[in-house]
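Enquirer: how would this look folded up:
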Amino acid sequence: MIVAQRGRTNNLRRVRSRQQESFFDYSLLFIVLFLLAFGLVMLYSASAYDASLHYNGDSAYFLKRQAASTVLGMAAMIVVANIPYHFWERFAFLGYAASIVLILLIIPFGVEANGAKRWLRVFGISIQPAEVAKLAMILCLASLICRMGRGIRTRKGFLVVLGIPVPVCLMVWQITENMSSAIIIFGIAVLMLFVSCPDYKRFILLGIAGIAVCALAVFVIVKLSESEATSAVVGVRGSRILAWLDPEAYASGKGFQTLQALYAIGSGGILGKGLGHSMQKLGFMPEAQNDMIFSIICEELGLFGAISIILMFILLIWRFMVVANNAPDLFGALLVVGVMGHIAIQVILNVAVVTNTIPNTGISLPFISYGGSSVLFLLVEVGFVLSVGRGIKLKDL
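Expert: Next comes the predicted model:
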């Protein structure tokens with residue numbers, strides 16, 4: 001009897017101890033590491049030819065820079081994951097203000113690359129303020145929504161939250177000429193507001209208004225191009241819309257990159273030409289390691305490889321949803337939703353651009369496209385998600 005009683009007591013202690021253990025999402029971490037490793041392999045495959053031509057025969061030039069940013073990002077991810085996520089709440093509005101200052105600093109101190117002035121160089125390291133703004137927006141809106149409570153359900157509260165990202169979006173769009181990042185920042189805000197506000201009618205009206213504005217803009221640009229077929233009339237972004245509607249008519253201009261991407265996707269077939277055997281990266285596809293790297297994946301690994309990598313992103317989003325649904329509080333849930341929105345929107349827009357589903361807006365593929373600032377801040381965001389996950393107790397799952 002005494003032995004049996006002791007056995008039951010020990011079992012009860014083990015159950016209670018297990019219930020108090022923190023949760024760590026190893027599945028999420030594995031997916032992120034897989035995407036990083038896959039991204040480095042594809043980055044080298046896509047950039048080796050271009051790098052050997054322009055960087056004294058160093059075919060691994062882009063790979064080494066991306067690997068350094070990845071290692072730095074992973075170190076930052078580990079640090080952030082081990083800090084309680086509520087620690088960062090006190091810096092939410094300071095981060096919002098800092099992101100605005102960094103964007104404004106581009107005017108006098110910005111570094112130009114590939115015809116765009118979007119970077120700041122700090123101690124020899126290039127930083128893209130738009131990436132800082134995405135992270136700051138997630139923190140700021142998560143803190144603001146928690147403080148507003150039920151006030152977010154009112155019309156005034158709804159408009160206040162929706163208005164917070166507008167100044168940042170306008171500055172990113174006009175100062176850095178980075179409309180894609182502006183769209184992503186506003187999309188993050190809308191998604192975080194969507195999960196916080198139960199009145200879906202407002203979002204339906206907002207969506208209808210957005211579609212109407214886009215349709216009107218396309219109609220006006222098409223009419224202007226018919227009356228006076230000059231780039232000065234429609235502008236750079238107008239030319240991109242015209243190239244989206246008819247890439248072959250602009251094959252020597254704005255439609256060139258899109259056509260090369262479509263050639264790459266079409267020639268890849270089901271199983272692809274094989275890793276490293278892309279033809280489009282051999283001087284045909286400009287900056288193949290950047291926004292259009294998904295087309296190189298399609299060419300070398302085929303439809304199978306493209307679907308596989310999309311499935312990995314879907315699994316990543318699913319893990320984010322698991323953490324968000326079980327988060328200890330609203331602030332943690334909103335942090336995860338913001339990160340989930342950032343990555344999901346960016347993946348969808350990148351694939352849509354490469355396949356010519358939407359006009360070319362220059363959006364990188366998370367964890368895979370070349371970009372030190374992008375991978376660094378993405379890994380910091382993943383650190384936030386892991387930190388929220390560590391606050392979940394096993395008894396809550």
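Enquirer: Tell me how far stretch 305-324 lies from the chain's centre.
Expert: Its chain's C-alpha centre and that of stretch 305-324 lie 13 Å apart, by C-alpha atoms, centre = their mean, to the nearest Å.
Enquirer: Ignore what I typed, I meant stretch 361-369.
Expert: 7 Å.
Enquirer: low-confidence ranges in the protein?
Expert: Within the chain, the segments meeting pLDDT under 70 span 1-22, 114-115, 226-237, 394-397.
Enquirer: For it, which segments count as helices?
Expert: 2-20, 26-54, 61-81, 92-109, 129-148, 155-163, 165-175, 179-196, 200-227, 231-245, 256-268, 293-325, 330-354, 372-390 (DSSP state H).
Enquirer: Figure out which of these is closest to Met285.
Expert: Within the helices of the chain, the stretch nearest Met285 is helix 256-268; the backing value is 4.6 Å (C-beta to C-beta). Bear in mind the C-beta positions are built from the backbone N, C-alpha and C, glycine included.
Enquirer: need the helices of the chain in JSON lines with mean neighbour count and distance to Leu120, can you?
Expert: Putting these into JSON lines (neighbours: other C-beta atoms under 10 Å; distance: least, C-beta to C-beta, whole Å) gives the following:
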{"stretch": "helix 2-20", "mean neighbour count": "10", "distance to Leu120": "45"}
{"stretch": "helix 26-54", "mean neighbour count": "18", "distance to Leu120": "23"}
{"stretch": "helix 61-81", "mean neighbour count": "18", "distance to Leu120": "15"}
{"stretch": "helix 92-109", "mean neighbour count": "16", "distance to Leu120": "6"}
{"stretch": "helix 129-148", "mean neighbour count": "24", "distance to Leu120": "6"}
{"stretch": "helix 155-163", "mean neighbour count": "15", "distance to Leu120": "26"}
{"stretch": "helix 165-175", "mean neighbour count": "19", "distance to Leu120": "12"}
{"stretch": "helix 179-196", "mean neighbour count": "22", "distance to Leu120": "14"}
{"stretch": "helix 200-227", "mean neighbour count": "12", "distance to Leu120": "31"}
{"stretch": "helix 231-245", "mean neighbour count": "17", "distance to Leu120": "23"}
{"stretch": "helix 256-268", "mean neighbour count": "20", "distance to Leu120": "26"}
{"stretch": "helix 293-325", "mean neighbour count": "20", "distance to Leu120": "24"}
{"stretch": "helix 330-354", "mean neighbour count": "23", "distance to Leu120": "21"}
{"stretch": "helix 372-390", "mean neighbour count": "24", "distance to Leu120": "10"}
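Enquirer: closest to Gly274 out of those?
Expert: When the helices of the chain are ranked by proximity to Gly274 (C-beta to C-beta), helix 293-325 comes first, at 6.3 Å.
Enquirer: and that closest one, what does it pack onto?
Expert: helix 26-54, helix 256-268, helix 330-354, helix 372-390 (3 or more C-beta pairs under 8 Å, 6 or more residues apart in numbering; DSSP states H and E).
Enquirer: Now do the domain split for the chain, please.
Expert: Following automatic domain parsing, the chain resolves into domains at 24-80+251-397, 83-198.
Enquirer: want to throw those domains into a markdown table with distance to Cys214?
Expert: Formatted as a markdown table, the domains of the chain follow (distance: least, C-beta to C-beta, whole Å):
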| stretch | distance to Cys214 |
| --- | --- |
| domain 24-80+251-397 | 9 |
| domain 83-198 | 11 |
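Enquirer: Let me have the helices of the chain in JSON lines, adding distance to Trp119 as columns.
Expert: As requested, the helices of the chain are arranged in JSON lines below (distance: least, C-beta to C-beta, whole Å):
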{"stretch": "helix 2-20", "distance to Trp119": "46"}
{"stretch": "helix 26-54", "distance to Trp119": "18"}
{"stretch": "helix 61-81", "distance to Trp119": "13"}
{"stretch": "helix 92-109", "distance to Trp119": "8"}
{"stretch": "helix 129-148", "distance to Trp119": "8"}
{"stretch": "helix 155-163", "distance to Trp119": "28"}
{"stretch": "helix 165-175", "distance to Trp119": "12"}
{"stretch": "helix 179-196", "distance to Trp119": "12"}
{"stretch": "helix 200-227", "distance to Trp119": "28"}
{"stretch": "helix 231-245", "distance to Trp119": "19"}
{"stretch": "helix 256-268", "distance to Trp119": "21"}
{"stretch": "helix 293-325", "distance to Trp119": "20"}
{"stretch": "helix 330-354", "distance to Trp119": "18"}
{"stretch": "helix 372-390", "distance to Trp119": "8"}
